[in-house]
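**Student:** Show me the folded form of this:
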Amino acid sequence: MDMSPLLKAFSALSDETRLSIVEQLMKRGELPAGDLVEGSGISAPAISRHLKVLRDAGLVRQRAEGTKRLYSPCPDGLQLIANWTISRREFWDTSLDRLEAAILEEDTPS
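**Tutor:** Residues are numbered from 1 along each chain as shown. The predicted structure follows:
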């Protein structure tokens, strides 16, 4: 499996501002960049740079409507992260089961 798209996605989301942008788009739907700037305390050029990183990582898509650029979450990119996370569920379930067994063993009087 080529891990580079997944690495780009995680790298893009490692920044608090970019994660916040994706969260906003997932919650509110398609938005113009100006709406992402309002109340963020971040300049429009900085938001644009963050959106470019998210587009390059396949997490956000852009479409033009006249002079506006509208942004929305990209389901394929987000699904990539979800699939990877779900595929690691067995690891976490097994680890948590071992932890539970160790705690129960420790609590059991000898």
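**Student:** buried set for stretch 19-38?
**Tutor:** The neighbour-count check on stretch 19-38 (16 or more other Cβ atoms under 10 Å) flags Ile21, Val22, Gln24, Leu25, Ala33, Asp35, Leu36, Val37 as buried. Yep, even glycine has a C-beta here, placed from its N, CA and C like the rest.
**Student:** how about the helices in this protein?
**Tutor:** Per DSSP state H, the chain carries helices over the ranges 4-13, 16-28, 33-37, 44-56, 75-87, 89-107.
**Student:** rewinding a little: ok, the buried residues of stretch 19-38 vs Arg98, which is closest?
**Tutor:** Using Cβ to Cβ, Val22 comes nearest to Arg98 of the buried residues of stretch 19-38, at 33.4 Å.
**Student:** For the helix or strand of the chain with the lowest mean pLDDT, C-alpha coordinates in PDB please.
**Tutor:** When the helices and strands of the chain are scored by mean pLDDT, DSSP states H and E, helix 89-107 comes last with a mean of 81. What follows is helix 89-107, C-alpha atoms only, in PDB (Å, rounded to 0.1, in the frame of the first residue of the first chain):
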ATOM      1  CA  ARG A  89      -9.000  -1.300  15.500                       C
ATOM      2  CA  GLU A  90      -7.900  -4.900  16.200                       C
ATOM      3  CA  PHE A  91      -4.600  -3.600  17.600                       C
ATOM      4  CA  TRP A  92      -6.400  -1.300  20.000                       C
ATOM      5  CA  ASP A  93      -9.000  -3.900  21.000                       C
ATOM      6  CA  THR A  94      -6.300  -6.500  21.700                       C
ATOM      7  CA  SER A  95      -4.200  -3.900  23.700                       C
ATOM      8  CA  LEU A  96      -7.200  -2.900  25.800                       C
ATOM      9  CA  ASP A  97      -8.100  -6.500  26.500                       C
ATOM     10  CA  ARG A  98      -4.600  -7.200  27.700                       C
ATOM     11  CA  LEU A  99      -4.700  -4.100  29.900                       C
ATOM     12  CA  GLU A 100      -8.000  -5.100  31.400                       C
ATOM     13  CA  ALA A 101      -6.700  -8.600  32.100                       C
ATOM     14  CA  ALA A 102      -3.600  -7.200  33.800                       C
ATOM     15  CA  ILE A 103      -5.700  -4.900  36.000                       C
ATOM     16  CA  LEU A 104      -8.000  -7.700  37.000                       C
ATOM     17  CA  GLU A 105      -5.100 -10.000  37.800                       C
ATOM     18  CA  GLU A 106      -3.500  -7.200  39.900                       C
ATOM     19  CA  ASP A 107      -6.800  -6.700  41.800                       C
END
